[in-house]
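Peer 1: requesting a structural model of the entry that follows:
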Amino acid sequence: MNLTSQPQRAARWTLFAGAFLSAASLACAGGDQPRSAGDTATTPPPVTAAPPAGASGGEQVYTQICVTCHQANGEGVAGTFPPLAGSEFATAANPVVPIRIVLRGMQGPVTVKGAQYNGVMAPFGTGVELSDEQVAAVLTYVRSSWGNSASAITPQQVASERAAAKAAGGAVTAEELKLLM
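Peer 2: Numbers count the residues shown, from 1 in each chain. Below you'll find the model as predicted:
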C-alpha cells in the first residue's frame, strides 16, 4: 500500500527530474574542451527517468538519455550538439556507424547537415552500459523518426560491434566513421 500522497509524489518527481536534467546536462557538456583518450570526466546519466506514457522501447531510451542534448525533435542544439534528424551519421547505410557512436562515444570535429560541431559524446558501451536491446531500440527509433527512414538495428548487430568497440577503446572520430560510410 502506497501511503505517499499525490502532491508528495509530484514534489519528489519534480526534484528528481531537476537532478536528472542537471546530471544529463553535465554529461552532455564538453563543447570545445580537448579530451584525452582516457578522460572519464564526462559520465553519462543513469537510465532512470520516466518515459512518456505509451512510448516505444527506443523512444523511452531516447527520452531517458539522448533528449537533453539532441532534443525531443532530434534537431540538437545549434553549435553545440548535432542534430539526429537528417544526420548522415545516424542514418548511414552501414549500421556499424551509429552503433559505434553509441557504444564508444564520439569526440572531435564533425560536420552534420553542413554545420560544424566539436564536442564530446559520452559512450554507452563501457562504464554506464546500455544493453544490446536498448542500443538497437534507440537507434531504430532515431533512424525512423523526424523524417529519417534508415533500416532498423538489431540486438545481434549491436552485440557483434560491442566486442570490437571494447577492443578498440576510446571515442570514435568523424574521420574513422567516414571510412565506413
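Peer 1: so who does the residue nearest to Leu103 when sequence neighbours are not counted touch?
Peer 2: Nearest residue to Leu103, sequence neighbours excluded (C-beta to C-beta, 6 or more residues apart in numbering): Gly125, at 2.9 Å. For glycine as for every other residue, the C-beta is placed from the backbone atoms N, C-alpha and C. The neighbours of Gly125, taking C-beta atoms under 8 Å, 6 or more residues apart in numbering as the test, are 102-104, 135, 162, 165-166.
Peer 1: just the pLDDT at Gly125, thanks.
Peer 2: Per-residue pLDDT puts Gly125 at 71.
Peer 1: for Ala72, see how far away it is.
Peer 2: Gly125 is 24 Å from Ala72, where distance means C-beta to C-beta, to the nearest Å.
Peer 1: check Pro123 too.
Peer 2: Taking C-beta to C-beta as the measure, Pro123 falls 23 Å from Ala72.
Peer 1: the two - which one has more neighbours?
Peer 2: Each of Pro123 and Ala72 has its neighbours counted (other C-beta atoms under 10 Å); Pro123 has more, 27 against 12.
Peer 1: secondary structure element for that one?
Peer 2: For Pro123, there is no host helix or strand (DSSP states H and E).
Peer 1: skipping its backbone neighbours, what lies nearest it in space?
Peer 2: Gly105 is the one closest to Pro123 (C-beta to C-beta, 6+ apart), at 3.5 Å.
Peer 1: show me where this protein has helices.
Peer 2: 6-28, 57-61, 67-70, 96-104, 132-143, 155-168, 174-178 (DSSP state H).
Peer 1: CA-only coordinates of the shortest one in CSV, if you can.
Peer 2: In this case it means helix 67-70. Taking C-alpha atoms only, helix 67-70 is exported to CSV below (Å, rounded to 0.1, in the frame of the first residue of the first chain):
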residue,chain,number,x,y,z
VAL,A,67,16.8,14.1,-25.4
THR,A,68,18.8,16.6,-23.2
CYS,A,69,21.5,17.0,-25.9
HIS,A,70,19.7,16.1,-29.1
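Peer 1: pretty sure the residue nearest to Pro123 sits against Ala122.
Peer 2: Yes. Gly105 is in contact with Ala122 according to C-beta atoms under 8 Å; the separation is 5.3 Å.
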